[in-house]
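Chemist: only geometry, no sequence info:
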């Protein structure tokens, strides 16, 4: 068994873990170990082959809800989701964080030039500014917007719906169109090549291919305290960077443990570690940002996945109905899952791939305790239970109808939803004219009949000052275990209200600066 001693152990190297490792190594002289379940793959590994790059995703890209109805994609590699996402960068939504302060009693997270927790200049705004600067968040130029994105803007404009340009964490993008397979040119500024590179340069020890079995809790002075973790290092996948420890059992002794493994793995780790859960809330209230793809068949060939995949979005209906239109486009393997039909009908659609436009409805879903993550000790995996609430289905029906109308307004001659449900007189939602969009009111979003996708898991280890409402407090500290912090999207009390990457990174920068200023609080 390999035994390691450190001051701070960070479990997970994605949007949160990478930023935390960099921040704490910048502002303290503590010994820091950063652990990642997946591999450490650099740009030379990213060959832009969809099937090969499944190794970058949790469960090889096959992770889904318990019934298999909703794919739940998530990065599982150094850099996590920031390595495989499409660079969409939304600042934290101020109204959401202020609502969390009212409803969950959160303290701190100011949006002015405050000194939260008596730390000079600490605010969520300052943390966000620092993150944006490091990962080069900016809007794309006119020349970088491909046909598919222009069509969404055109359709929205024709119907009087506002649209905007995404901001993206890129630097001199080449427009290859393979963001979700990892950037082979290091132009996407994920945490692997920014914050984690900074952390490694300052002496942080990265251990990858490492599965943490459980966090070690000890009772000291009448209180439980996190003192480290037990796990196992696997043999590295071919093409991975070298590891810092050999394969085999691993024991890490630490003065503080920070869980940053994401909204699926973090509650699972706490559960199998025996973390107290007196109010039975661990893992409950999962939100997924369920998304409905909308497919348009155009008269001409267009650039769809080439160039920057996501450049245009609309938040026109965010305040009134809680959804976005977001322009994205998948490659053929992923597209084949989304395209409706079977056999010859499906094949015929795939032949029209170069004439296909697409964008998605991203729903900001509501919290339902029945939607949850559970650790299944028999299967040795996290199990995800999720169903759309009736209220969310109603909003999604309106969104689907409007999206179909937008696609027709963009010039589509036919619009399809990824569904085999009959609507009105139609055998499936395959529309020939805009008036038929009204049939979307009959959609039921039945599992395995309508394809819903997801990638933004949140809210399974909620922050709240009241232990009955959350597992951790505003500092991310466990209510039950000293020196155990949770800092990732699982700590959001509800949906953060937008694509979460920058919100997660900003929270991590904020908490990292706070911890560095409050080391005595943790006897470090």
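Modeler: Cool, the structure landed. Because the structure is a prediction, the values reported are computed rather than measured.

Chemist: wait, is residue 313 part of a strand?
Modeler: Yes - assigned with DSSP: H, G, I helix; E, B strand; the rest coil, residue 313 falls within a strand.

Chemist: Give me the phi and psi for the residue most central in space within the chain.
Modeler: Per CA atoms, centre = their mean, the C-alpha nearest to the average position across the chain is that of residue 456, at 3.8 Å. Residue 456 adopts backbone torsions of phi -120, psi 70, taken as degrees, to the nearest 10.

Chemist: How about it, nearest residue that isn't a chain neighbour?
Modeler: Distances taken as CB to CB, 6 or more residues apart in numbering put residue 289 closest to residue 456, at 3.8 Å, once the chain neighbours are dropped. Every C-beta, even on glycine, is put in place using the N, C-alpha and C of the backbone.

Chemist: and the nearest residue to residue 118 once chain neighbours are set aside, what does it touch?
Modeler: Closest residue to residue 118 apart from its sequence neighbours, by CB to CB, 6+ apart: residue 517 at 7.9 Å. Residue 517 sits next to 27, 117-119, 122 when contact means CB atoms under 8 Å, 6 or more residues apart in numbering.

Chemist: domains of the protein?
Modeler: 2-136+181-280+460-519, 142-165+291-364+389-442 (automatic domain parsing).

Chemist: ok, now which ones touch residue 146?
Modeler: 175, 302-304, 306-308, 311.

Chemist: same check, this time on residue 316
Modeler: Residue 316 neighbours (CB under 8 Å, 6+ apart): 156, 161-163, 325.

Chemist: Please enumerate the helices of the stretch 301-450 of the chain.
Modeler: In the stretch 301-450 of the chain, the segments counted as helices under DSSP state H, counting those that start in this stretch are 318-321, 332-338, 343-351, 390-409.

Chemist: To residue 212, which of those helices lies closest?
Modeler: helix 332-338 (29.7 Å; CB to CB).

Chemist: Show me what that closest one is packed against.
Modeler: Judged by 3 or more CB pairs under 8 Å, 6 or more residues apart in numbering; DSSP states H and E, the packing partners of helix 332-338 are helix 343-351.

Chemist: ok, and what's touching the helix it packs on?
Modeler: Against helix 343-351 from outside (CB under 8 Å, 6+ apart): 332, 335-336, 339-341, 356, 416.

Chemist: Show me what counts as buried in that helix.
Modeler: Neighbour counts over helix 343-351 (16 or more other CB atoms under 10 Å) mark residue 349 as buried.

Chemist: how distant is that helix from the center of its chain?
Modeler: From the chain centre to the centre of helix 343-351 is a distance of 31 Å (CA atoms, centre = their mean, to the nearest Å).

Chemist: Just send the contacts of residue 146 back as JSON lines, with neighbour count, distance to residue 107 and pLDDT too.
Modeler: Converted to JSON lines, the contacts of residue 146 look like this (neighbours: other CB atoms under 10 Å; distance: CB to CB, whole Å; pLDDT from 0 to 100):
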{"residue": "175", "neighbour count": "16", "distance to residue 107": "44", "pLDDT": "92"}
{"residue": "302", "neighbour count": "19", "distance to residue 107": "49", "pLDDT": "92"}
{"residue": "303", "neighbour count": "16", "distance to residue 107": "48", "pLDDT": "91"}
{"residue": "304", "neighbour count": "26", "distance to residue 107": "46", "pLDDT": "89"}
{"residue": "306", "neighbour count": "15", "distance to residue 107": "47", "pLDDT": "90"}
{"residue": "307", "neighbour count": "21", "distance to residue 107": "44", "pLDDT": "91"}
{"residue": "308", "neighbour count": "25", "distance to residue 107": "39", "pLDDT": "94"}
{"residue": "311", "neighbour count": "26", "distance to residue 107": "37", "pLDDT": "96"}
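
Chemist: Let me know the closest of these to residue 445.
Modeler: Among the contacts of residue 146, and counting by CB to CB, the member closest to residue 445 is residue 304, at 25.2 Å.

Chemist: For the stretch 51-200 of the chain, which segments count as helices?
Modeler: Using DSSP H, counting those that start in this stretch, helices in the stretch 51-200 of the chain cover 81-84, 94-104, 124-135, 147-158, 195-201.

Chemist: So which of these is nearest residue 19?
Modeler: helix 195-201 (4.9 Å).

Chemist: Quick one: list the elements packing against the helix or strand following that closest one.
Modeler: Heading C-terminal from helix 195-201, the first helix or strand you meet, by DSSP states H and E, is strand 205-207. Contact here means 3+ CB pairs under 8 Å, 6+ apart; on that basis strand 205-207 packs against strand 32-35, helix 195-201.

Chemist: Can I get the buried part of the contacts of helix 343-351 as one ChimeraX selection?
Modeler: Of those, the buried ones go into a single ChimeraX selection, burial set by 16+ other CB under 10 Å:
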select :335,339,340,341,356,416
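
Chemist: quick one on the thing from earlier: pull the most distant pair out of the contacts of residue 517.
Modeler: 27 and 118 (15.3 Å).

Chemist: Comparing those two, which shows the higher neighbour count?
Modeler: residue 27 (14 against 9; other CB atoms under 10 Å).

Chemist: That one and residue 197: what is the separation?
Modeler: Counting by CB to CB, to the nearest Å, the separation of residue 27 from residue 197 is 17 Å.

Chemist: Would you point to the one among the domains of the chain that's packed deepest?
Modeler: Comparing these by mean neighbour count (mean count of other CB atoms under 10 Å), domain 2-136+181-280+460-519 comes out on top with a mean of 21.

Chemist: averaged over its residues, what pLDDT does that one have?
Modeler: Average pLDDT, domain 2-136+181-280+460-519: 97.

Chemist: So what's the gap between it and the chain middle?
Modeler: 11 Å.

Chemist: same thing with stretch 295-305?
Modeler: That offset, for stretch 295-305, works out to 27 Å (CA atoms, centre = their mean).

Chemist: Report the contact partners of the residue nearest to residue 456.
Modeler: 362-365, 454-456, 458, 495, 499.

Chemist: One more: residue 233?
Modeler: So residue 233 contacts 2, 207, 209-210, 243, 245-248, 250 (CB under 8 Å, 6+ apart).

Chemist: again, only this time at 7 Å
Modeler: 207, 209-210, 243, 245-248, 250 (CB atoms under 7 Å, 6 or more residues apart in numbering).

Chemist: export these to JSON lines and tack on distance to residue 128?
Modeler: Converted to JSON lines, the contacts of residue 233 look like this (distance: CB to CB, whole Å):
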{"residue": "207", "distance to residue 128": "29"}
{"residue": "209", "distance to residue 128": "32"}
{"residue": "210", "distance to residue 128": "30"}
{"residue": "243", "distance to residue 128": "33"}
{"residue": "245", "distance to residue 128": "35"}
{"residue": "246", "distance to residue 128": "40"}
{"residue": "247", "distance to residue 128": "39"}
{"residue": "248", "distance to residue 128": "41"}
{"residue": "250", "distance to residue 128": "35"}
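
Chemist: Dump the residues you listed into JSON lines; add secondary structure as well.
Modeler: Converted to JSON lines, those look like this (three-state DSSP):
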{"residue": "207", "secondary structure": "strand"}
{"residue": "209", "secondary structure": "coil"}
{"residue": "210", "secondary structure": "strand"}
{"residue": "243", "secondary structure": "coil"}
{"residue": "245", "secondary structure": "coil"}
{"residue": "246", "secondary structure": "coil"}
{"residue": "247", "secondary structure": "coil"}
{"residue": "248", "secondary structure": "strand"}
{"residue": "250", "secondary structure": "strand"}
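
Chemist: from those, which is closest to residue 385?
Modeler: residue 210 (27.4 Å).

Chemist: Okay, and the beta partners of the closest one?
Modeler: Judged by DSSP bridges, the bridge partners of residue 210 are residue 233.

Chemist: pretty sure it is in contact with residue 250, am I right?
Modeler: Yes - under the criterion of CB atoms under 7 Å, residue 210 makes contact with residue 250 at 6.4 Å.

Chemist: what's the overlap in contacts for these two?
Modeler: 231, 233.

Chemist: Nearest to residue 45, out of the helices of the stretch 51-200 of the chain?
Modeler: helix 81-84 (10.7 Å).
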